[in-house]
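J.: What follows is a protein structure lacking sequence information:
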């Protein structure tokens, strides 16, 4: 596979630019860094999602610093009533932001550092995957095309889909390890597949669903041996195991949040978000994504040379029916209305909301095919070369002008103001507990007890303690939304709890003076899933460790 294009006339366009793997990797890293330079110079790209990301990231960091490595309740949101969104958002991006914030000391610079690292990881991921198909110089051009792919840049600069963008940096590594498991079948390759697939699920759930379907199609096209399929299945199962701490809770508790009871915004209905389903600007999502698809096609114009010369060239003949071609065509199919019957059958796929998210896979596969077709430019007639280069130039110019230059940026002062203002803000209505209302009555104190004196001695996100003076038996109203995992105890006895009509937590109080401990207690399934994740990590570590290193003969 690695020698796919080595005998192809025109390969000198790669070899003359990049002689071996070291400069090829440097090229991939440099290009991936350059696309972040506008953010470094102008500020953090902003959109509505940026505020929501940091509404989450700030208390997540606070919890980790306070000694809670995996928080379960976002306490400061909704005016102090809190919400369970920690339990439903994949947390990998927020761990990265928290680590950078801890090392650097401020959110602005930490965010830029994370952006740089994610972008470089995406470039290296494309190089890693492409290297099993192309020579090292060609793999570096695949990283180049991916870094400039219109949809990939749009994720950061226009849509601020930060978690999806981060997942897009992980997914190429998963495909790369699939190739290596199929080609070599080493234990460490299975470990790499498990680790990267688990990280993908831990980073962005919609892309995890889409990526899992794409990986299944890619693997079935590529593999014919049952033994290799078994190794891929082991890697996938370990990936599920290592990410169980997240998805077990999410799956088991998703019925407890408002997303199930609300009339959803029609704009996030998958049925109206297929590429080419409309050309009207009334649906801005599809209208803009149609433009992104056109620019992507123009940037990947060298790949079209493979189709025209598929029978006459070594590269074209070798790539006919190749899994990358099948994957790219399948991704395009899933983004178009033609795939509607499949979407209607698969509920998890519908929850990804936007069929145009498959542009991630189109961008990945198209980058490899464009890199494979690039040397053919030296063999074609001048008019054809100019047409292809012109299309690429238009795509790059449009992307830099309209996606990057026209983005809204938050310079340091504006960004820090946003970070300050976002604390305590309301969550998206999908994340309210089903018992709660967005207009819950405002409370001036943490606890009300119908005239009985209340003294709060501790008020932490998941552990609270307060004392109530003697008086008539009543219910204390706590400025916290009811959730089944909140447990109130007094002198080792459990107190009854229930939601108020607006979702506030009510605790039954006895007549005598009492001290109440209110704790957010994780259920047994969380402990089991945590053990599953730790066990998965241990198995991955053992598979990756080179136990059977051969000693060199003296």
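T.: Received, thanks. It should be emphasised that the depicted structure is a prediction, and the values quoted were computed from it without experimental measurement.
J.: Show me where this protein has its strands.
T.: Using DSSP state E, the strands found in the chain span residues 44-45, 409-410, 447-448, 454-459, 463-468, 474-481, 486-490, 493-495, 497-499, 504-509, 514-520.
J.: Tell me which residue lies nearest the centroid of the chain.
T.: Geometric centre of the chain, nearest residue: residue 204, 2.8 Å, by Cα atoms, centre = their mean.
J.: What residues does residue 129 make contact with?
T.: Residue 129 makes contact with 142, 172, 173, 175, 176, 179, 364, 368, according to Cβ atoms under 8 Å, 6 or more residues apart in numbering. Where you see a C-beta, it was placed from the backbone N, CA and C, and this is true even at glycine.
J.: separation between the first one and residue 163?
T.: It refers to residue 142. Note on residue 142: its distance to residue 163, by Cβ to Cβ, to the nearest Å, is 24 Å.
J.: Of those two, give the one with the bigger neighbour count.
T.: residue 142 (30 against 23; other Cβ atoms under 10 Å).
J.: can you pull the contacts of the more buried one?
T.: 126, 127, 129, 130, 134, 367, 368, 370, 371.
J.: if you set the cut-off to 6 Å instead, what comes out?
T.: 126, 130, 367, 368, 371 (Cβ atoms under 6 Å, 6 or more residues apart in numbering).
J.: So which of those residues wins on neighbours?
T.: For these, the largest neighbour count, defined by other Cβ under 10 Å, is 35 neighbours, found at residue 126.
J.: how about TSV for the strands of the chain, with distance to residue 281 and mean pLDDT added?
T.: Below are the strands of the chain laid out as TSV (distance: least, Cβ to Cβ, whole Å; pLDDT from 0 to 100):
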stretch	distance to residue 281	mean pLDDT
strand 44-45	22	96
strand 409-410	24	96
strand 447-448	50	96
strand 454-459	49	96
strand 463-468	50	96
strand 474-481	39	96
strand 486-490	47	96
strand 493-495	56	94
strand 497-499	43	97
strand 504-509	43	97
strand 514-520	46	96
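J.: okay, these in JSON lines with mean neighbour count next?
T.: Formatted as JSON lines, the strands of the chain follow (neighbours: other Cβ atoms under 10 Å):
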{"stretch": "strand 44-45", "mean neighbour count": "24"}
{"stretch": "strand 409-410", "mean neighbour count": "18"}
{"stretch": "strand 447-448", "mean neighbour count": "20"}
{"stretch": "strand 454-459", "mean neighbour count": "13"}
{"stretch": "strand 463-468", "mean neighbour count": "18"}
{"stretch": "strand 474-481", "mean neighbour count": "23"}
{"stretch": "strand 486-490", "mean neighbour count": "17"}
{"stretch": "strand 493-495", "mean neighbour count": "12"}
{"stretch": "strand 497-499", "mean neighbour count": "16"}
{"stretch": "strand 504-509", "mean neighbour count": "21"}
{"stretch": "strand 514-520", "mean neighbour count": "18"}
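J.: just to revisit the earlier point, name the member of the contacts of residue 129 with the shortest distance to residue 110.
T.: Nearest to residue 110 among the contacts of residue 129 is residue 173, at 23.4 Å by Cβ to Cβ.
J.: wait, isn't the closest one in contact with residue 124?
T.: No. Look at residue 173 against residue 124 with Cβ atoms under 6 Å: they stay out of range, at 8.2 Å.
J.: Name the residue in the two with the higher neighbour count.
T.: Comparing residue 173 with residue 124 by other Cβ under 10 Å, the one with more neighbours is residue 173, at 23 against 19.
J.: how about the more buried one, what does it touch?
T.: Going by Cβ under 6 Å, 6+ apart, the list of residues near residue 173 reads 125, 128, 196.
J.: and it, what pLDDT?
T.: With respect to pLDDT, residue 173 scores 97.
J.: Check residue 317 too.
T.: 51.
J.: about what we covered before: out of the strands of the chain, flag the one nearest residue 272.
T.: Across the strands of the chain, closest to residue 272 is strand 44-45 (Cβ to Cβ), at 25.9 Å.
J.: How much space separates residue 164 from residue 352?
T.: Separation of residue 164 from residue 352 (Cβ to Cβ) stands at 10 Å.
J.: Quick check: residue 52 vs residue 162, distance?
T.: For residue 52 relative to residue 162 (Cβ to Cβ), the value is 10 Å.
J.: Those two - which one has more neighbours?
T.: Relative neighbour count places residue 162 above the other of residue 52 and residue 162, with 27 against 19, counting by other Cβ under 10 Å.
J.: which residues sit in contact with the more buried one?
T.: residue 53.
J.: one more time with 10 Å
T.: By Cβ atoms under 10 Å, 6 or more residues apart in numbering, residue 162 lies in contact with 45, 47, 49-50, 52-54, 57, 93-94, 96-97, 111, 114-115, 118, 155-156, 204.
J.: Residue 185 now?
T.: Residue 185 makes contact with 225, 227, 228, 230, 231, 232 under the criterion Cβ under 10 Å, 6+ apart.
J.: need the longest helix for this structure.
T.: helix 107-130 (DSSP state H).
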